[in-house]
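**Q** what would the 3D arrangement of this be:
(2 chains)
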Amino acid sequence: MSEFDQIFVTLKHWLLGQLANVVPGALLPVLSALLSIAAIIMVFATLFAIMTILERKGLGRIQNRFGPNRVGPFGFLQPAADGIKALIKEDLVPRAADKVVHLLAPVMLVVPALLVYAVLPIGRNMVAIDFDAGLLFFFAVGAASELAVFMAGWSSRNKYALLGAMRAVAQMVSYEIPLILSTVSVVMITGTLSPVKMVEAQVGQGGWLPAWFVFTPWGFAGFVLFMIAANAEANRSPFDLPEGESELVAGYFTEYSGFKFALFFLAEYLGLFAVSGLGITLFLGGWQAPFPALEFIPSWAWFFAKLLGLIVLFIWTRGTLPRLRVDQLMNFAWKFMLPLALINLLTAAVWHYMPPGSPRWLVCSGMVVGPYVLLGRGLLAGKHVAKRIYRYAE
Amino acid sequence: MLGEGIIKGMAETARNFLGSYVSAERLTTVQYPEERAPQIENARQFPFLVFDGQDPIQGLRCVGCQICEKECPPKCIYIVKSKDKRADYKGQLQLYPATFDIDLSVCMSCQICVEVCPFEAIKMDTAYELSTTDRFGGLLVNKTQLAKSNEHYRKIHPTDAAVSDTVLAAEVAKAQAKVKAEAETKAKAAAEAKAKVAASAGPQPAPALTV
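**A** Numbering: from 1, shown residues only, chains lettered A, B, ... in the order given. So this is what the prediction gives:
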């Protein structure tokens, strides 16, 4: 277990040991950071490429199509073709655009998306910075992407781009609140802001289930709220209003082409992976195996297996749900997710102070299901939910 | 309850996802270069000129009347009439097109040229892979490239070709009947003239007989 589990850590230490013979010792911390950065960029950019092809093929199959199947075996080299295409495309900048901001926006979007990986533990002893306030850092840096989105929309001097950016900012600000509130319950239970310590808090077995927070009432509710909010933060369907290709062309990146467009795409997916990784760290036991018998599989493999599972879930929901309207989106965030997230904080507190046993389970489950049913009824109240009848079409 | 519809929808998409790997009839995609969807009989893409017999140029039915050139909405047909005449399928002397070009990039496949042609000479082809690497010369299709046999027409549009053949056969029959009728009237006239001559000559010897 330990050798294969720590293979990348050992490799890095060996590389640093070799480099110590060549470069002065003062440079070694910088080199160590650079090695971690290079690994993160390589791994997650590759995952981005894998996800684009998985998503296109998965969506195709959901719609009873083949999906891309021409480049390479079963079309799995399609991302390479797409990358080359993005690189050799003409880079168009509108004449009326604010050139500097227009150029900076995609860079500004990718940088925070990459920065947040610094605090994600992707395996045992595999975290770039073991930061005490890691969770705070994650959300503080992640929030910078809203600025980049608005920069892109504003600098393009395009109505669609501006509308998309306005929508994006409204949506991201609205969903940031349930996103953060759903993680606060974990902070309350573990008493730390460090992702590494949060993973350690989920070690072991609680009965026949692993001691992951998702297998508690408040953890399950928190996980679902977190994933919905993460979906909205990543601007993915059904919350893809900022892009809304059927109404806004491409939203805030309407005026981008070539590699800048690819950067937007990359930032979107990197953000999705990062926020999924945080969900894994907070609720799904991080890099831990579900059962001790499965610990021979290295910890980083467990992390990426869980990440792939969440990616499949994201693709699946994207293939299923139609896009919401702006008012539905806002209603859902403020009238449903926010109260549920607040009640979930209370549930976590009750869970913490009640003695372990079935009464705790019953009370906390009731505190999750009751508000869900009632708030859901409130959300649907006064709405005629039935098959739509068209008077003039058909 | 809230979320019920989402679960149902997710089940439906999962069924589609897995079903597309199991049953082939779910996947309606025709993988084009390797396989082609069958065309319906009335498919039409681009006109061609029908010829009878063996020689594509000599057998062209077109008489260069230029009706199609005038009727073509996007004006993609260019015809130059010949100076001399040659016999058509019913043996009548007709002009023929010295030049007959159609610009493939301008043609809109409306079939009006086919509708207006009184000679069943221009018809619509079903071939659709018409791309070329030369965007100027390659897209201007000349008389030689346009000429296709009546057998080809019978193959791609059997019903229309049968109607067309009937019309032409009727034309030929009419022409032959006319020739025959003319020949008969001529023969009759000749016979009458002979009879007249005989009649005018006849009475003369008669008196001699009576005398």
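
**Q** residues contacting the residue nearest the centre of chain B?
**A** By CA atoms, centre = their mean, chain B has its centre lying nearest to residue B:123, at 3.5 Å. Residues in contact with residue B:123, defined by CB atoms under 8 Å, 6 or more residues apart in numbering or on different chains, are B:47-48, B:50, B:114, B:153, B:157, B:160, B:164. All C-beta atoms are positioned from the backbone trio N, CA, C, and that covers glycine.

**Q** can you check residue B:168 too?
**A** Neighbour list for residue B:168: B:89, B:120 [criterion: CB under 8 Å, 6+ apart].

**Q** that's a helix at residue B:78, yeah?
**A** No - assigned with DSSP: H, G, I helix; E, B strand; the rest coil, residue B:78 falls outside any helix and is strand.

**Q** correct me, but it touches residue B:69?
**A** Yes - using CB atoms under 8 Å, residue B:78 is in contact with residue B:69, at 6.9 Å.

**Q** go through the contacts of residue B:123 and flag which are in helices.
**A** B:114, B:153, B:160, B:164 (DSSP state H).

**Q** can you list those residues in TSV and add neighbour count?
**A** Listed next are the ones in helices among the contacts of residue B:123 as TSV, based on neighbours: other CB atoms under 10 Å in any protein chain shown:
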residue	neighbour count
B:114	17
B:153	21
B:160	17
B:164	19
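
**Q** pick out the most distant pair among the residues you listed.
**A** Largest separation among those by CB to CB: B:114 and B:153, giving 11.0 Å.

**Q** relative to residue A:287, how far out is residue A:296?
**A** Distance, residue A:296 to residue A:287, using CB to CB, to the nearest Å: 14 Å.

**Q** neighbour count: the two, which is higher?
**A** Neighbours were tallied for residue A:296 and for residue A:287 using other CB atoms under 10 Å in any protein chain shown; the higher tally belongs to residue A:287 (26 against 10).

**Q** which ones are touching that one?
**A** Shown in contact with residue A:287 (CB under 8 Å, 6+ apart): A:121-124, A:126, A:199, A:299-300, A:302-303.

**Q** helix/strand/coil for it?
**A** Residue A:287 falls in the coil class when you classify it by three-state DSSP.

**Q** give me phi/psi at it?
**A** The phi and psi values for residue A:287, taken as degrees, to the nearest 10, are phi -90, psi 10.

**Q** helices of chain B, start to end?
**A** Shown for chain B, the helices assigned by DSSP H span residues B:4-22, B:67-71, B:112-116, B:143-146, B:150-156, B:158-201, B:205-210.

**Q** for the second one, which helices and strands make contact with it?
**A** Helix B:67-71 is packed against strand B:77-81, helix B:112-116, with contacts defined by 3 or more CB pairs under 8 Å, 6 or more residues apart in numbering or on different chains; DSSP states H and E.

**Q** which non-adjacent residue is nearest the closest residue to chain A within chain B?
**A** Chain A sits closest to residue B:2 of chain B, with a gap of 2.9 Å, by CB to the nearest CB. Excluding its sequence neighbours, the residue lying closest to residue B:2 (CB to CB, 6 or more residues apart in numbering or on different chains) is residue A:376, at 2.9 Å.

**Q** what residues are up against that neighbour?
**A** Contacts of residue A:376 (CB under 8 Å, 6+ apart): A:336, B:1-3.

**Q** what is the burial count for residue A:244?
**A** With other CB under 10 Å as criterion, residue A:244 counts 19.

**Q** find the nearest non-adjacent residue to it, please.
**A** Closest to residue A:244 by CB to CB, 6+ apart is residue A:251, at 6.0 Å.

**Q** tell me how far residue B:129 lies from residue B:149.
**A** The span separating residue B:129 from residue B:149 equals 20 Å under the rule CB to CB.

**Q** which one of those two has more residues nearby?
**A** Higher neighbour count among residue B:129 and residue B:149: residue B:149, with 16 against 7, using other CB under 10 Å.
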